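**Q** return a 3D structure for these sequence lines:
(2 chains)
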Number of protein chains: 2
Amino acid sequence: MVSTVTTDEGDDRVPPTIEWHGGRVRMIDQRRLPGELVMLEAATVEELCDAIRDLAIRGAPALGVAGAMGMALAAETGLDLDAAAAAICATRPTAVNLAWGVARVRQAADPVAEAEAIAREDVARNRRLGAHGAGLLPQDGRVLTHCNAGGLACAGYGTALGVIRAAHEQGRAPTVWVDETRPVLQGSRLTAWELDRLGIPATLVADGMAAGLMGAGEVDCVVVGADRIAANGDVANKVGTYGLAVLAAYHHLPFYVAAPTSTVDLACPSGAAIPIEQRPAEEVTTLAGHRIAPEGMAVDNRAFDVTPAALVTAVVTEEGVARPPYAESLAGLVGRASGRRPAAGP
Amino acid sequence: MVSTVTTDEGDDRVPPTIEWHGGRVRMIDQRRLPGELVMLEAATVEELCDAIRDLAIRGAPALGVAGAMGMALAAETGLDLDAAAAAICATRPTAVNLAWGVARVRQAADPVAEAEAIAREDVARNRRLGAHGAGLLPQDGRVLTHCNAGGLACAGYGTALGVIRAAHEQGRAPTVWVDETRPVLQGSRLTAWELDRLGIPATLVADGMAAGLMGAGEVDCVVVGADRIAANGDVANKVGTYGLAVLAAYHHLPFYVAAPTSTVDLACPSGAAIPIEQRPAEEVTTLAGHRIAPEGMAVDNRAFDVTPAALVTAVVTEEGVARPPYAESLAGLVGRASGRRPAAGP
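**A** Numbering: from 1, shown residues only, chains lettered A, B, ... in the order given. Below you'll find the model as predicted:
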């Protein structure tokens, strides 16, 4: 696996999170942020699976692209496609986009072209999503977000951060409370870094401070991404999201989920059917090689939780904003997205 | 300031958190846990103030003892007592126990003897507190706690952990969910360490997981300490506590606060009057010298939040269990404690 240091790639201010590059999958190595902006290249499906498992690349829409590009790698390197698909999908169980990206490339005549199309579509989708969501944020809105649902979680632009970014571009002047998001610190390492580069005012807080901010009237709404949305509107997202949804409801604040329709799993009836990944204990007990808990301490490190649909004010997708009842509204938006896809044509 | 490494000091399994030792204040250096059990000695008020500010010693009841011993140091070293009292009280604004310990020694004929009495009383008080609280925990209860309100937060035995410890000693077999408690990680570094040494089964989780645990029916109650309790029952405690109280109410779980009556500030009418300490940004942006957020990132690091009395099921003190309405019940218990103090005698 080859790493190359890169510098700022220009006006988008963040280089492509993931792209097909000379027969390899080229990604920002997100484990190295915010200290270093380093690119990582996977030349084989095995290398790509390692990068996914170890969170060099993460975020549901980005995993969709990674899954697609993994199948392109499999096709290019002459691997058994069934085995490759199974290996890729087994890396992370919660985000449904991974399986979605794998399935799209499996059905395609030209795997590399299809994977590249998925990456391009992802950015375009997120821009549409941002445009639909921006109007939900009040002028000078103080938005709280959790984890990273930015350009780094996608091929580019972002979902939750895409909404904030679109509002910023429209002059709505949002400011952002960034939950640091333990244990992997995607908020402090990735979201803070992205907002800084985008010039959007942001303040970092420990996860436990969100409630106090809401209680003090310093938050206007919550916007988060999603790893899987069940047909009934239940949302699996980074651990801590469910708590924020309860707190938002208690403080009468809107709680928005921003995700492309590829994150909606109509085959999954409710949150109870979403597999929740248990991650290694070391994510909680060590940091940068430094031990922060006693040796042998028992740890529960579920990476995701499920927010029931009843706590979700709206789901923002590239096809529009879904409101309750979600069983109808989400199915409608997913149907509209399928109608738009070239692959669904004659 | 002298540091000496010590080993396990026997049947209490944790050495005294703070004690008067050969004309100095000897403390466990809590910054070094769980990696190393190292004692720190302060020979001057200035050294003690540094130790308090830098969290070598922390926890409201322990700060009461530290304030008392600081005044003993001032008296022994011939300092101006008004200046010493002001310097000690300025180190940490939220915990009322600091000023309480300072005031008690100021009024005493023998400052060292009074400071040592306060430390002894603290342990005895916490044992009584634990006995009052243990009965609140169900058999095999799954208790969630936040931050560290253990022996390390007191002269010994603990308040919230004292309740759990007493229940354990009574054979109620509690198990504990330990919030890691960012940013200073008192949960993973201190509470996990104490419970491990006490042989009480515990599992460490990131702060964001508490909601999911409650939603999954894996928590029976929450028990936390307090840094200051207002006359109306509002509770200032480590940031994140308020969120747990809201989550407990939402999930119909009891939310208990365990604190000695010295933590009740009858002069403070409500939580709005409690000063909330803003701690350095570096607690959030760096860990063990490793940077975990972009350079120059804005940070809000309020160390405490306020839980309104309406969310508190009961306050457990050494004089008994206070229930709403707290204005009456807390005043009654504080009065009973004053009646018990030798200093109030003839």
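
**Q** now the most centrally placed residue in chain A: how far from B:A86?
**A** Nearest to the mean C-alpha position of chain A, by CA atoms, centre = their mean, lies A:G59 at 3.2 Å. The spacing between A:G59 and B:A86, counted by CB to CB, to the nearest Å, is 51 Å. For the C-beta atoms, the positions are set from N, CA and C on the backbone; glycine is no exception.

**Q** got it, and A:A293?
**A** In this view, A:A293 and B:A86 are 38 Å apart by CB to CB.

**Q** what does A:T77 give?
**A** Counting by CB to CB - A:T77 and B:A86 are separated by 72 Å.

**Q** equivalent analysis for A:R279, please.
**A** 48 Å.

**Q** ok, A:R26 - contacts?
**A** A:R26 sits next to A:16, A:18-20, A:39-41 when contact means CB atoms under 8 Å, 6 or more residues apart in numbering or on different chains.

**Q** what strands line up against the strand or helix carrying it, and which way round?
**A** Assigned by DSSP states H and E, A:R26 belongs to strand A:24-28. Using DSSP bridges, strand A:24-28 pairs in its sheet with strand A:18-21 (antiparallel), strand A:38-42 (antiparallel).

**Q** in the stretch 1-150 of chain A, what residue lies closest to chain B?
**A** Across the stretch 1-150 of chain A, the shortest distance to chain B (CB to the nearest CB) belongs to A:P34, at 4.4 Å.

**Q** looking at this, that residue is in a strand?
**A** No - checked against DSSP: H, G, I helix; E, B strand; the rest coil, A:P34 lies outside a strand; its state is coil.

**Q** tell me the pLDDT at it?
**A** For A:P34, the pLDDT comes out at 95.

**Q** isn't it right next to A:E194, touching?
**A** No - A:P34 lies out of contact with A:E194 (CB atoms under 8 Å); the separation is 9.5 Å.

**Q** what parts of the stretch 51-200 of chain A come near chain B?
**A** A:146, A:177, A:179-183, A:185, A:188-189, A:192-193, A:196 (CB under 8 Å from any CB of the partner chain).

**Q** in stretch A:96-108, what counts as buried?
**A** A:96-102, A:104-106, A:108 (16 or more other CB atoms under 10 Å in any protein chain shown).

**Q** correction: stretch A:54-64
**A** For stretch A:54-64, the neighbour count (16+ other CB under 10 Å) marks A:55-64 as buried.

**Q** how about these in CSV, adding pLDDT and secondary structure?
**A** As requested, those are exported to CSV (pLDDT from 0 to 100; DSSP: H, G, I helix; E, B strand; the rest coil):
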residue, pLDDT, secondary structure
A:L55, 96, coil
A:A56, 97, coil
A:I57, 98, coil
A:R58, 97, coil
A:G59, 96, coil
A:A60, 95, helix
A:P61, 95, helix
A:A62, 97, helix
A:L63, 97, helix
A:G64, 96, helix
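
**Q** report pLDDT for A:G289.
**A** 85.

**Q** next, count neighbours for it.
**A** If you count neighbours by other CB atoms under 10 Å in any protein chain shown, A:G289 ends up with 8.

**Q** again with A:A267
**A** 9.

**Q** nearest residue to it other than its sequence neighbours?
**A** The shortest distance from A:A267 to any non-neighbouring residue, by CB to CB, 6 or more residues apart in numbering or on different chains, is to A:A231 (7.6 Å).

**Q** any idea how far the one you found lies from chain B?
**A** Distance, A:A231 to chain B, by CB to the nearest CB, to the nearest Å: 20 Å.

**Q** so that residue is in contact with A:L266, correct?
**A** Yes - judged on CB under 8 Å, A:A231 makes contact with A:L266 at a distance of 4.8 Å.

**Q** can you work out which residues contact both of these two?
**A** Counting by CB under 8 Å, 6+ apart, the common neighbours of A:A231 and A:L266 are A:330-331.

**Q** who has more neighbours, the two?
**A** Neighbour totals were compared for A:A231 and A:L266, and A:A231 leads with 19 against 14 (other CB under 10 Å).

**Q** give the next helix or strand downstream of the top helix by length along chain A.
**A** The single longest helix within chain A, with elements called by DSSP state H, is helix A:111-134. Moving toward the C-terminus from helix A:111-134, the next helix or strand (DSSP H and E) is strand A:142-145.

**Q** give me the average confidence score over that next one.
**A** 98.

**Q** repeat for stretch A:222-233
**A** Averaging pLDDT along stretch A:222-233 gives 98.

**Q** list the buried ones in it?
**A** Neighbour-count burial for stretch A:222-233 flags A:222-233 (criterion: 16+ other CB under 10 Å).

**Q** state the distance from A:V264 to chain B.
**A** 21 Å.

**Q** number of nearby residues for that residue?
**A** 27.

**Q** wait, it sits on A:L333?
**A** Yes - between A:V264 and A:L333 there is a contact at 7.5 Å, judged by CB under 8 Å.

**Q** need the residues touching each of those two.
**A** A:T317.

**Q** tally of neighbours for A:A124?
**A** Around A:A124 there are 13 other residues, counting by other CB under 10 Å.

**Q** kindly report the same for A:E46.
**A** Residues lying near A:E46 (other CB under 10 Å) number 16.

**Q** host element of it?
**A** Assigned by DSSP H and E, A:E46 belongs to helix A:45-53.

**Q** again, but for A:G335
**A** A:G335 belongs to helix A:326-340 when assigned by DSSP H and E.

**Q** can I get that helix in CSV, CA atoms only?
**A** Only the C-alpha atoms of helix A:326-340 are listed here, as CSV (Å, rounded to 0.1, in the frame of the first residue of the first chain):
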residue,chain,number,x,y,z
TYR,A,326,-41.5,7.9,7.0
ALA,A,327,-42.7,4.5,5.6
GLU,A,328,-44.4,6.5,2.8
SER,A,329,-42.1,9.5,2.4
LEU,A,330,-38.9,7.5,2.3
ALA,A,331,-40.2,4.9,-0.1
GLY,A,332,-41.4,7.7,-2.4
LEU,A,333,-37.9,9.4,-2.4
VAL,A,334,-36.1,6.1,-3.0
GLY,A,335,-38.5,5.4,-5.9
ARG,A,336,-37.7,8.8,-7.4
ALA,A,337,-34.0,8.2,-7.1
SER,A,338,-34.2,4.8,-8.8
GLY,A,339,-36.2,6.4,-11.6
ARG,A,340,-33.3,8.9,-12.1
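
**Q** against which helices or strands is that helix packed?
**A** Contact partners of helix A:326-340 among helices and strands, from 3 or more CB pairs under 8 Å, 6 or more residues apart in numbering or on different chains; DSSP states H and E: strand A:264-265, strand A:314-317, strand A:320-322.

**Q** what are the contacting residues of the helix or strand just after the shortest one?
**A** The first helix or strand that comes after strand A:264-265 along the chain, using DSSP H and E, is helix A:282-285. Helix A:282-285 has contacts (CB under 8 Å, 6+ apart) with A:182-184, A:291-293, A:297, A:299, A:301, B:180, B:188, B:204-206.

**Q** one more time with 6 Å
**A** A:183-184, A:293, A:299, A:301, B:204, B:206 (CB atoms under 6 Å, 6 or more residues apart in numbering or on different chains).

**Q** can you give me the buried ones in it?
**A** Going by 16+ other CB under 10 Å, helix A:282-285 has these buried residues: A:283-285.

**Q** likewise stretch A:109-125?
**A** So for stretch A:109-125, counting by 16+ other CB under 10 Å, buried means A:111-112, A:114-119, A:121-123, A:125.
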